[in-house]
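Asker: Quick check, what structure comes out for this input:
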Amino acid sequence: MEAVPNLSEPISMPKHIAIIMDGNGRWAAARHLPRAIGHKRGAEAVRRTVKAAKNLGISYLTLFGFSSENWKRSHSEILDLMQLLRFYLRNELEEMMKNGVRLRIIGDRAKLDPDIVTLIEEVEAATVKNTGVNLTLALSYGGRHEIVEATRKIAKEIVAGKISAEDISESMFANYLETATIPDPDLIIRTSGEKRISNFLLWQSAYTEFVFLDKFWPDFTQKDVEDAVREFGNRERRYGAADS
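Answerer: Residues are numbered from 1 along each chain as shown. Take a look at the predicted model:
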């Protein structure tokens, strides 16, 4: 069992941490292993990170697992990733229930196989009343697609006469996003050393703090979460206001 981290210093804790999990393939390549092994080790890092969020008292954790652009990867790698997703959904439910984790999935489910969609719906329903960590997995997800879909829904309601163009505001628009019931992320962490957002939570990250780590996702540990939280706590968030 991992020790409860010592974050006794008075720092501002993020309510919502989102992570771009990057580097499974490069982690495997560096060890002359198949990419599938890198993805399996990445799934183990997911398990560690959910536990870390619980230990630190983080209410919302969002993990970018598979982007809308990842469908361009080889057919065999996509099959491996989808099989790993099936395994995760089937085998992690007991652990989620034990730890009070509520699972949500955001992204384009139409591109997923029907049996995976069924598994997602079953796990979401089973965990809906859990009050611990709110875990969101972004699968087949793209921030631009999410914004376009929200715009399309609003346009249809205007055409139907349910709302007018003058009704549109930032807060109203946010209610049409897949993350409508989730607060915007306070902190986004990206592994692998890359320093870009890669179409992840484009609307929601307007005032998010970023931490980029020069290590691959399978090596991500609870200490990395703690270090990122400490760095977040030392930053001043001004939301466009002048220096205090």
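Asker: quick one, strands of the chain?
Answerer: 16-20, 60-67, 102-106, 134-141, 187-190, 209-212 (DSSP state E).
Asker: number of nearby residues for the residue nearest to residue 157 when sequence neighbours are not counted?
Answerer: Excluding the flanking residues, the one nearest residue 157 by Cβ to Cβ, 6 or more residues apart in numbering is residue 163, at 4.9 Å. Placement of C-beta: from N, CA and C, glycine included. Here the number of neighbours of residue 163 (other Cβ atoms under 10 Å) works out to 14.
Asker: ok so, going back, quick one: the strands of the chain as CSV, columns for mean pLDDT and distance to residue 126 too.
Answerer: CSV is the format used below for these (pLDDT from 0 to 100; distance: least, Cβ to Cβ, whole Å):
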stretch, mean pLDDT, distance to residue 126
strand 16-20, 98, 23
strand 60-67, 96, 18
strand 102-106, 98, 8
strand 134-141, 98, 13
strand 187-190, 98, 28
strand 209-212, 98, 32
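Asker: Show me the shaky parts of this protein.
Answerer: 1-10, 242-244 (pLDDT under 70).
Asker: what about the closest residue to residue 147 other than its chain neighbours, how many neighbours?
Answerer: Distances taken as Cβ to Cβ, 6+ apart place residue 203 nearest to residue 147, at 5.9 Å, with adjacent residues excluded. By other Cβ under 10 Å, 16 other residues sit near residue 203.
Asker: Also residue 196?
Answerer: 11.
Asker: who touches it in this structure?
Answerer: By Cβ atoms under 8 Å, 6 or more residues apart in numbering, the contact list for residue 196 reads residue 190.
Asker: Let me see the backbone angles for it.
Answerer: The phi/psi pair for residue 196 (degrees, to the nearest 10) reads phi -150, psi 170.
Asker: go on, the one 10 residues further on?
Answerer: The main-chain torsion angles of residue 206 are listed as degrees, to the nearest 10 and equal phi -60, psi -40.
Asker: give me the number of residues near residue 125?
Answerer: Neighbour number of residue 125 under other Cβ under 10 Å is 10.
Asker: again, but for the one 3 residues further on
Answerer: Applying other Cβ under 10 Å, we find 10 residues neighbouring residue 128.
Asker: Just give the number of residues close to the closest residue to it other than its chain neighbours.
Answerer: Leaving aside its sequence neighbours, residue 128 sits nearest to residue 102 (Cβ to Cβ, 6+ apart; 6.5 Å). Per other Cβ under 10 Å, the neighbour tally for residue 102 reads 19.
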